[in-house]
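Colleague: Give the three-dimensional model of this entry:
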Amino acid sequence: MTKKEYNDCVTNYSDDVYRFVVYHGVDKDYAKDIVQDAYLSLWQNHSNIEANKSKSFLLSTAYNLTNSNFRHKIVEEKYCKNINIETSTNIEKPYENKECLYKALENIPSVQKTALILKDIEGYSYKEIGEMLKLSLQQVEVYIFRARIALKKELIKMNY
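Modeller: Reported below is the predicted structural model:
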């Protein structure tokens, strides 16, 4: 990947990567950090990555960083309770419908949620999702199916 192709990636994909991270329930400020880290990783590996695979690389990297964030928060919450420090993962949501969707998505397993977001929000094909998440086509289909069922159940619980 050339410097120009990298700059094109920043221009074309940064909003998509940011939105992808925020949909996973990450605080907006921290989501910006994750996007920057994903682009840093892309630059560090730019000689090994083809330009047409850069978006997949960015989303995969952002996904891994997001999961690391959640694991860190679990540990942080566990130990912060002992010293009475509160942590916040609130996301400002402008519309009630989005707020319900965000809350419902929080309760869906991570891989299912990621597959669902990539398919229904980002518009990727099952094959592309499989490549990004390193899953078979059947696994992707099952995860998306289960995520939709779980999302429906969560929305019903919320009386939406």
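Colleague: For the residue nearest the centre of the chain, give me phi and psi.
Modeller: In the chain, the centroid-proximal residue (CA atoms, centre = their mean) is Val21; its distance is 3.8 Å. Main-chain dihedrals, Val21, degrees, to the nearest 10: phi -70, psi -40.
Colleague: cool, and the one 5 residues further on?
Modeller: Main-chain dihedrals, Val26, degrees, to the nearest 10: phi -80, psi 140.
Colleague: One more: Asn45?
Modeller: Per degrees, to the nearest 10, the backbone of Asn45 is at phi -110, psi 10.
Colleague: my guess is it contacts Ser54, does it?
Modeller: No. With contact defined as CB atoms under 8 Å, Asn45 does not count as touching Ser54 (9.9 Å). In this view, the C-beta of every residue, glycine as well, is placed from N, C-alpha and C.
Colleague: Looking at these two, which one has more neighbours?
Modeller: For the pair Asn45 and Ser54, the greater number of neighbours falls to Ser54 (22 against 13), based on other CB atoms under 10 Å.
Colleague: how far away is the residue nearest to the centre of the chain from Ser41?
Modeller: 14 Å (CB to CB, to the nearest Å).
Colleague: just to revisit the earlier point, distance check, the residue nearest to the centre of the chain against Thr61.
Modeller: For Val21, the distance to Thr61 - CB to CB - is 10 Å.
Colleague: Which residues are in contact with the residue nearest to the centre of the chain?
Modeller: Listed by CB atoms under 8 Å, 6 or more residues apart in numbering, the contact partners of Val21 are 31, 34-35, 62, 65-66.
Colleague: which residues touch Lys134?
Modeller: Lys134 touches nothing, counting by CB under 8 Å, 6+ apart.
Colleague: can you give me the helices in this protein?
Modeller: 3-23, 28-44, 54-80, 96-106, 110-116, 126-133, 137-157 (DSSP state H).
Colleague: Make JSON lines out of those helices and add mean pLDDT.
Modeller: Shown next, in JSON lines, are the helices of the chain (pLDDT from 0 to 100):
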{"stretch": "helix 3-23", "mean pLDDT": "87"}
{"stretch": "helix 28-44", "mean pLDDT": "86"}
{"stretch": "helix 54-80", "mean pLDDT": "74"}
{"stretch": "helix 96-106", "mean pLDDT": "74"}
{"stretch": "helix 110-116", "mean pLDDT": "87"}
{"stretch": "helix 126-133", "mean pLDDT": "88"}
{"stretch": "helix 137-157", "mean pLDDT": "87"}
